[in-house]
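*Asks:* predicted model and sequence below, questions to follow.
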Amino acid sequence: MWKKFSLALLLCLFVPYLGMSNSFLFEIFIQIGIFAVLALGLNVVVGLAGLLDLGFMAFFAVGAYTWAIFSSPQITSIFPSIAPFSGIWFYAFLPLAMLFAIGLGCLVGLPSLRLRGDYLAIVTLGFGEMIRVLANNLDHPLNITNGPQGITPVQQPPVTWIVDWLSIPHALATSLFFYFFILVLIGIIIVINLHLKHSRFGRAWMAIRENELAAQAMGISLARTKLLAFITGASFSGLMGAVYAAKQTFISPESFTLLQSIMILCMVILGGAGSIAGAIVGAIVITLLNIEILPALTEHLSAITHIDFSEYQRLIFGVILVSMMIFRPQGLIARKNHV
Amino acid sequence: MSDVLLTVKNIHKSFGGLIAINALSFQVKKNEIFAIIGPNGAGKTTLFNILTGFITTDNGEIQFENKTLHHEKPDVISRSGIARTFQNIRLFNALTVLDNVIVALDAHSQTFYLSALLHTTAFKKEEKKHREQAMQLLQVVGLEKQADRMAATLSYGDQRHLEIARALGLHPKLLLLDEPAAGANGSEKIALKQLIKDIQQQFALTILLIEHDMPLVMDIADHIIVLDYGTLIAQGTPQQIQNNPRVIEAYLGKSD
């Protein structure tokens, strides 16, 4: 356990060393980190409580828009008397982004969590699309989200202290900051996941997943327990949304599509639903597939066959998913007690 | 009458055109083993589902500890002191045997979400207490050696025992056992009989028992009611039931 942990930590520290010379690599690892947190959040909802949530990106969007609106000139166009918040406020807006996501989670969860399995998936899917469409269209009559053009520039937390400390360029300091910030978040969220899993809340979630009727007979309130799982996941998603907005300095409705929600779900399922290591491995594998391996592979295939393979990236991804589900349905790293 | 734990007054339940429970009334006294017998489809399990809140009655009244139940949800009823086992076993398959029992013990827990997140000392203390209590309950049904196994991997008989241990985890006053002897062989039935008597004594329980195994019922029941087509056709001591001509005709069969 500790051996594995120190190995993982060593690997995590090796990345910035490589990243110093190759900023693209840094970028990939930050992306993986963001998705890892999202996958860990969704793991609570899907893996532990067994609720199929296809609108997970909606909470991410809420978190992202929270920080984006308040830290960009957008806030002045909504409330002319308020000036955009400076970068240092980022830390104060993180809990706020979580709170907004939780509020929205309650709003959606309260009526829809009465539904089971497939029905819940459809409702959350519709809800996710609703948020995206809202973001797309809330540029009139009052311009709140700036519509399809998106919001820019979003403030970043100040990194001058890193620039001064290590005397490195500003761009590199920013990457370094986000890399370690997200690493710390991953650490915190793993601990939260573990703590919840081994508490009455985690047990109640798993009990509901295993047998709803028996869970009720054992004194578990379905509505309350499911809502708690739903908003726990939502709060992770909202938090990461704010981090994402700051990192990108630009967000638009196109960052929060249904495909993104499905990708996170794929990370959880492919990694191994209910397993913490699985969610992280799923995030690594799918992010690498999407932004590195598949483009490189199709480019290579196109070069040797003179057929344009770049159109077939999704197809290959689909084939990988299907074969995974046939040959290893419990996921890459199955949870210990899989039946 | 203070020694009455459960009163069922004139309850009625029909599913579409099928009358499952018809004008049923009875009283269960504290600390007795009260058996419900009758042919398949007589409405026995429906009665359990009504008592535990999974099905609502069309009319009639149910009083538990002198309080009238008003269509409370199953989780509320189970926390108020009525626990059950299921005829078709419903365990939390992918949880360990121990965790299955701890889930029930959790029902009365007041730990806050935040203290679970932070693993406070109060939280850890309660976790430890629950683990110990769960272990004791597993000892009662003889499953302490299987505590760390997954519930799904237990044998059929052990799964039935785990259902009983889990129900005891709710600290019930009234325990509803739905065909606990189903699938058990002769020696297992003898052990089960002893177990039911033991837990009744040890936890000062009142037990409602649905069972088809007549020797077992006649041996341990203090009081028996007989249902047929949702109607109560007889009630009394095992002695009275065995000699009741209506019961023999509907259910027990002639012994010639």
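*Replies:* Structure received. Numbers count the residues shown, from 1 in each chain, chains lettered A, B, ... in the order given.
*Asks:* so which residues of the stretch 1-150 of chain B form helices?
*Replies:* Applying DSSP state H, counting those that start in this stretch to the stretch 1-150 of chain B gives helices spanning B:44-51, B:74-79, B:97-105, B:113-118, B:121-141.
*Asks:* among those, which is the most enclosed?
*Replies:* helix B:97-105 (a mean of 27; mean count of other CB atoms under 10 Å in any protein chain shown). Where C-beta positions appear, they are placed from N, C-alpha and C, glycine not excepted.
*Asks:* which strands or helices does that helix pack on?
*Replies:* helix A:200-210, helix B:121-141, helix B:156-168 (3 or more CB pairs under 8 Å, 6 or more residues apart in numbering or on different chains; DSSP states H and E).
*Asks:* redo those helices as CSV? Include distance to residue A:333.
*Replies:* Formatted as CSV, the helices and strands packed on helix B:97-105 follow (distance: least, CB to CB, whole Å):
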stretch, distance to residue A:333
helix A:200-210, 17
helix B:121-141, 26
helix B:156-168, 28
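*Asks:* output these in JSON lines; the columns should cover distance to residue A:99 and mean pLDDT.
*Replies:* Listed next are those as JSON lines, based on distance: least, CB to CB, whole Å; pLDDT from 0 to 100:
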{"stretch": "helix A:200-210", "distance to residue A:99": "19", "mean pLDDT": "95"}
{"stretch": "helix B:121-141", "distance to residue A:99": "24", "mean pLDDT": "94"}
{"stretch": "helix B:156-168", "distance to residue A:99": "37", "mean pLDDT": "95"}
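*Asks:* need the pLDDT of the residue of the stretch 101-250 of chain B found nearest chain A.
*Replies:* Using CB to the nearest CB, the closest approach of the stretch 101-250 of chain B to chain A is made by residue B:107 at 2.9 Å. Looking at residue B:107, its pLDDT stands at 93.
*Asks:* can you pull out the helices in the stretch 151-256 of chain B?
*Replies:* So, for the stretch 151-256 of chain B - with DSSP H, counting those that start in this stretch - the helices run B:156-168, B:186-202, B:214-220, B:238-242, B:245-247.
*Asks:* same check on the stretch 101-250 of chain A?
*Replies:* Under DSSP H, counting those that start in this stretch, the stretch 101-250 of chain A gives helices at A:117-137, A:160-166, A:170-197, A:200-210, A:212-217, A:222-248.
*Asks:* check contacts around residue 31.
*Replies:* Picking chain A for this. A:287, A:291 (CB atoms under 8 Å, 6 or more residues apart in numbering or on different chains).
*Asks:* actually chain B
*Replies:* Here residue B:31 is in contact with B:200, B:204-206 (CB under 8 Å, 6+ apart).
*Asks:* run the last query once more with 7 Å
*Replies:* Counting by CB atoms under 7 Å, 6 or more residues apart in numbering or on different chains, residue B:31 makes contact with B:204, B:206.
*Asks:* most packed of the helices of the stretch 151-256 of chain B?
*Replies:* helix B:156-168 (a mean of 22).
*Asks:* need the CA coordinates for it. CSV is fine.
*Replies:* Output in CSV follows, covering the C-alpha atoms of helix B:156-168 (Å, rounded to 0.1, in the frame of the first residue of the first chain):
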residue,chain,number,x,y,z
TYR,B,156,-28.1,-20.6,0.9
GLY,B,157,-28.7,-21.5,4.5
ASP,B,158,-26.0,-19.1,5.8
GLN,B,159,-27.6,-16.3,3.7
ARG,B,160,-30.9,-16.9,5.5
HIS,B,161,-29.0,-16.7,8.8
LEU,B,162,-27.3,-13.5,7.7
GLU,B,163,-30.7,-12.0,6.9
ILE,B,164,-31.7,-12.7,10.5
ALA,B,165,-28.5,-11.1,11.9
ARG,B,166,-29.0,-8.1,9.7
ALA,B,167,-32.6,-7.7,10.9
LEU,B,168,-31.4,-7.9,14.5
